[in-house]
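[1] give me the fold of what follows.
(2 chains)
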There are 2 protein chains.
Amino acid sequence: MSVGSVLVTGGTGYIGSFTTLALLEAGYKVVVADNLYNSSPEALKRVELICGKKAEFIQVDVTEETGFDKVFEAHPDIDSVIHFAALKAVGESGEKPLDYYLVNVYGTINLLRSMVKHNVTNIVFSSSATVYGDATRFPNMIPIPEDCPLGPTNPYGNTKFAVETAITDVINAQRNNAIKAGNEAEAKKWNGALLRYFNPAGAHPSGIMGEDPQGVPYNLLPLLAQVATGKREKLMVFGDDYDSHDGTAIRDYIHILDLSDGHLKALNYLRANNPGVRAWNLGTGKGSTVYEMIRAFSAAVGKDQPYEVAPRRAGDVLNLTANPTRANTELGWKAERTLEQACDDLWLWTKNNPQGYRQEPPAELLAQLKK
Amino acid sequence: MSVGSVLVTGGTGYIGSFTTLALLEAGYKVVVADNLYNSSPEALKRVELICGKKAEFIQVDVTEETGFDKVFEAHPDIDSVIHFAALKAVGESGEKPLDYYLVNVYGTINLLRSMVKHNVTNIVFSSSATVYGDATRFPNMIPIPEDCPLGPTNPYGNTKFAVETAITDVINAQRNNAIKAGNEAEAKKWNGALLRYFNPAGAHPSGIMGEDPQGVPYNLLPLLAQVATGKREKLMVFGDDYDSHDGTAIRDYIHILDLSDGHLKALNYLRANNPGVRAWNLGTGKGSTVYEMIRAFSAAVGKDQPYEVAPRRAGDVLNLTANPTRANTELGWKAERTLEQACDDLWLWTKNNPQGYRQEPPAELLAQLKK
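    Now for the predicted structure:
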């Protein structure tokens, strides 16, 4: 039974596909829009294998002026959007910032324009802890609460920040204009969730669904997974001279199933409570260093993974650990899975699917799934 | 003799047309691109009457994808852009934020994309003191220096802030990519000036060129000018309960000829010194309250101007006064004209051109001009 219809932009990507799964499992009808850059429609087939329900797929690029208009015209029952579609590599954003401003910033402006035109009134935005920048500037703000002053340190973070202000300004204007027109019911319909998350990790415990980066991955765990399968000789550790207990940078790794559940809870909260625009951190509240992650993943694999220390990357910061109290109390959401489970699930996915979504899922995992 | 070729976007607007005049007087070749929303091509005829030189005009909208490509293809000698084209009303930005994000943010992304494509390497951006937001949060930061933390308080300011980061990120990337390719000469060509200004005021002392807002003006002096000519019954003073000596808000009013000269000096500085991206305040360093401005303009007119106190406007702040030291020392620029001169020049323009640019300039002013 459908509890509502949701558009998921970037829904074939890593977090997007897991959130599509969570929405379908919760009874939502889901339309996925994606340009299939750095992702595969096969992800949605895996979603269907796991939950027995199907998302509709439409190929759309966020920068295509009338792209979302067509989606909303074809699906007048959609009242909410979960917006993932974006470029996401911090390093690349320093080399090709225009692409990031076009896709991330203009793409969202274009989406918002279409939402306003078609009266689609809720948006859950895939923001990032990167908007906080170097939160260690504020010693009393680690772990980071949502009211920590924002100050991104790289173009990727700047685009996420600009999108947060655009969503905030547009939702507030829709509300204020409706209130001025005496229509309080209309005002309450406009809501936005800015979900700032920390480092997504892991895969589906079935082993048939996970992250499938095209080209060179940027994040620690996908890189470690490539080392474990021999695709990559060793892991590069960018900086061992940070002010942490072992010198490597601290991040808050959150299991992808917890993260996608956070999106579902945020959407439900917007629809039930009409809060206007509100930011929530999605993290565990516990930081792990790069060395700790190497040990955790090595334990999952049963073999020490080789690494080499390299200089810090431009734009990286010492510590990004969430204070998730607001999401815990308001959304009734909590990260429940352990780092060990994330590593186990990642390794199950990696060793069974060396070609990612470019191969059929292994028969024995499919057989287990049906049990 | 031409010292270079410059594109001025929004060059028929108030500050844009005066900067076009300053550029032509300094020997630059100028191409003006404007969509003529809220401005008139007549401004460029007045420029020609005053300086005897002509800017080329092309009608372009900043959101037109290939608009600037066509301009740069037709004018391969352009190496610099002064970018004014934008929506500029703080109040309106709260009601129609999408328009502001489209025109101001996407318009600039579009311009930058075209500049990179056509190797146009210098940009002087018409930013705003609004990016500082409520600088009174930092008691030691009044008057405001450029390194005051930024924090806009309204959608207009948010769009100016987003554009500042976009320009910074794109220019830095062009430089870094060139340096990585071993081409330091190419790197140095990419430069950006973020000019944060305070309140432009006044008109050309000839009386034939000034601000000609379509519809309801937003700023204090154009409103006062309408009161003086009887178009408006009285001035609304938005807030007399601010923490200033007379309770009204403090702004830094700068004569339009000083402001346009600042743009010229910034462009010259970029071309001569290759600083990369740098922000400069353009202001006098001296703040005036609304009541002081009413008295100054009343003195210019020779008659007290009526006013009425109304509640504060959303997004307004107590004090926006520039610390202009950086521009004084680095650009060799200083605001030299007095507030009295700004008021006199505004009144000369206003009383002689009740229809603004929709009328011919008075014959007696033209005769004086030729002397």
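
[2] next, the buried residues of the longest helix along chain A.
    Of all the segments of type helix in chain A, defined by DSSP state H, the longest one is helix A:155-180. Using 16 or more other C-beta atoms under 10 Å in any protein chain shown as the test for burial, helix A:155-180 gives A:155-175, A:177-178. Backbone N, C-alpha and C define where each C-beta goes, glycine included.

[3] cool, stretch A:92-101 as well?
    A:92-94, A:96-98, A:100-101.

[4] can you tell if that stretch touches chain B?
    Yes - interface with chain B: stretch A:92-101 contributes A:93-98, A:100-101 (C-beta under 8 Å from any C-beta of the partner chain).

[5] quick one: contacts of stretch A:352-371?
    A:40, A:42-43, A:46, A:49-50, A:206-208, A:210, A:212, A:229 (C-beta atoms under 8 Å, 6 or more residues apart in numbering or on different chains).

[6] redo that, cut-off 6 Å
    Stretch A:352-371 is contacted from outside by A:40, A:42, A:206-208, A:212, A:229, using C-beta atoms under 6 Å, 6 or more residues apart in numbering or on different chains.

[7] pLDDT (mean, whole number) over stretch A:310-324?
    For stretch A:310-324, mean pLDDT rounds to 88.

[8] so who does residue A:202 touch?
    A:255-256, A:342, A:345-346.

[9] what does the pLDDT read for the closest residue in space to it that isn't next to it in sequence?
    Of all residues not flanking residue A:202 in the chain, residue A:342 sits nearest, at 3.4 Å (C-beta to C-beta, 6 or more residues apart in numbering or on different chains). Looking at residue A:342, its pLDDT stands at 97.

[10] still on that earlier bit, mind putting the buried residues of stretch A:92-101 into CSV with secondary structure?
    As requested, these are exported to CSV (DSSP: H, G, I helix; E, B strand; the rest coil):
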residue, secondary structure
A:92, helix
A:93, helix
A:94, helix
A:96, coil
A:97, helix
A:98, helix
A:100, helix
A:101, helix
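
[11] enumerate the residues of chain A near chain B.
    Residues of chain A lying close to chain B by C-beta under 6 Å from any C-beta of the partner chain are A:95, A:97-98, A:101-102, A:106, A:109, A:113, A:155, A:158, A:162, A:165-166, A:169-170, A:173.

[12] for the helix or strand just after the longest helix of chain A, buried residues please.
    Next along the chain after helix A:155-180, taking DSSP states H and E as the criterion, comes helix A:184-188. Along helix A:184-188, the positions that meet the burial threshold by neighbour count (16+ other C-beta under 10 Å) are A:186-188.

[13] just stretch A:40-50 next, same as before
    Those would be A:40, A:42-47, A:49-50, for stretch A:40-50 by 16+ other C-beta under 10 Å.

[14] closest one to chain B out of those, please.
    Nearest to chain B out of the buried residues of stretch A:40-50 is residue A:40 (C-beta to the nearest C-beta; 28.5 Å).

[15] which ones are touching that closest one?
    So residue A:40 contacts residue A:357 (C-beta under 6 Å, 6+ apart).

[16] got the phi and psi for it?
    phi -130, psi 140 (degrees, to the nearest 10).

[17] and it, what pLDDT?
    93.

[18] same question, residue A:250
    pLDDT, read off for residue A:250, is 94.

[19] go on, residue A:1?
    Reported pLDDT for residue A:1: 60.

[20] hey, where'd the helices end up in chain A?
    Taking DSSP H as the criterion, chain A carries its helices at A:14-25, A:42-51, A:67-74, A:90-95, A:97-100, A:107-117, A:155-180, A:184-188, A:220-228, A:256-273, A:290-301, A:325-326, A:339-352, A:363-370.

[21] could you tell me the angle between the last one and helix A:42-51?
    Taking axes from the mean of the first three to the mean of the last three C-alpha atoms, to 10 degrees, one finds that helix A:363-370 is oriented at 50 degrees with respect to helix A:42-51.

[22] sorry, back to before: any idea which of the buried residues of helix A:184-188 is closest to chain B?
    Distances from chain B to the buried residues of helix A:184-188, taken by C-beta to the nearest C-beta, are shortest for residue A:187, at 13.8 Å.

[23] which ones are touching that closest one?
    Counting by C-beta under 6 Å, 6+ apart, residue A:187 has contacts A:175, A:178-179.

[24] grab the nearest non-local neighbour of it.
    Nearest to residue A:187 is residue A:178, by C-beta to C-beta, 6+ apart, at 3.8 Å.

[25] does that neighbour really touch residue A:186, like I thought?
    Yes - counting by C-beta atoms under 6 Å, residue A:178 touches residue A:186, with 4.1 Å between them.

[26] which elements pack onto the lowest-mean-pLDDT helix or strand in chain A?
    Lowest on mean pLDDT, DSSP states H and E among the helices and strands of chain A sits strand A:319-320, with a mean of 88. Judged by 3 or more C-beta pairs under 6 Å, 6 or more residues apart in numbering or on different chains; DSSP states H and E, strand A:319-320 is in contact with no other helix or strand.

[27] direction included, what does that strand pair against?
    Using DSSP bridges, strand A:319-320 pairs in its sheet with strand A:250-251 (parallel).

[28] now the partner strand, how far from the chain's geometric center?
    17 Å (C-alpha atoms, centre = their mean, to the nearest Å).

[29] how many neighbours does the residue lying closest to residue A:151 once chain neighbours are set aside have?
    In space, residue A:151 comes closest to residue A:133 once its chain neighbours are excluded; the distance is 3.8 Å by C-beta to C-beta, 6+ apart. Residues near residue A:133, counting by other C-beta atoms under 10 Å in any protein chain shown, number 21.

[30] for residue A:268, same thing?
    For residue A:268, using other C-beta under 10 Å, the count is 17.

[31] how about it, what does it touch?
    Applying C-beta under 6 Å, 6+ apart, no residues contact residue A:268.

[32] tell me the confidence at it?
    98.
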